[in-house]
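Participant: This is the structure alone, sequence omitted:
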């Protein structure tokens with residue numbers, strides 16, 4: 001039995017490279033939003049108002065329920081929070 005090595009957990013568990021890349025981006029955005037909330041010392045209700053979503057939606061974010069968030073929803077929340085998003089595209093290694 002040979003051992004495989006993966007660049008990220010998403011590469012290991014997702015079925016396709018496309019799904020893995022999507023999950024990588026979503027996880028980075030979720031982490032950034034969680035850090036922004038913590039750094040700003042906002043309540044979930046305050047964050048919900050800022051992001052333009054409901055408090056239960058922020059709770060899902062804080063609990064890391066990545067499967068409930070599309071990439072565009074996370075981008076919208078980050079933009080509403082005043083965060084600047086940069087994307088870099090490189091050839092695969």
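Facilitator: Perfect, I can see it now. Bear in mind the structure is a predicted one, so any value in this text is a computation, not a measurement. Numbering: from 1, shown residues only.

Participant: what secondary structure does residue 91 sit in?
Facilitator: Secondary structure for residue 91, judged by DSSP: H, G, I helix; E, B strand; the rest coil, is coil.

Participant: Can you report how many residues neighbour it?
Facilitator: Other residues lying near residue 91 total 4 when counted by other C-beta atoms under 10 Å. Every residue, glycine included, has its C-beta placed from N, CA and C.

Participant: How much space separates it from residue 77?
Facilitator: Separation of residue 91 from residue 77 (C-beta to C-beta, to the nearest Å) stands at 30 Å.

Participant: Ok, residue 4 next?
Facilitator: Taking C-beta to C-beta as the measure, residue 4 falls 34 Å from residue 77.

Participant: of the two, who's got more company?
Facilitator: For residue 4 versus residue 77, neighbours defined as other C-beta under 10 Å are more numerous around residue 77 (25 against 6).

Participant: before we move on, which element is the more buried one in?
Facilitator: In this structure, residue 77 sits in helix 71-80 according to DSSP states H and E.

Participant: so what does that helix touch, helix or strand wise?
Facilitator: helix 17-40, helix 44-51 (3 or more C-beta pairs under 8 Å, 6 or more residues apart in numbering; DSSP states H and E).

Participant: Show me what that helix is in contact with.
Facilitator: Defining contact as C-beta atoms under 8 Å, 6 or more residues apart in numbering, one finds that helix 71-80 is touched by 22, 25-26, 29-30, 32-33, 36, 50-53, 61, 85.

Participant: So the nearest residue to residue 34 once chain neighbours are set aside versus residue 88, what's the distance?
Facilitator: Once flanking residues are discounted, residue 34 sits nearest to residue 62: 6.1 Å by C-beta to C-beta, 6 or more residues apart in numbering. Going from residue 62 to residue 88 by C-beta to C-beta gives 27 Å.
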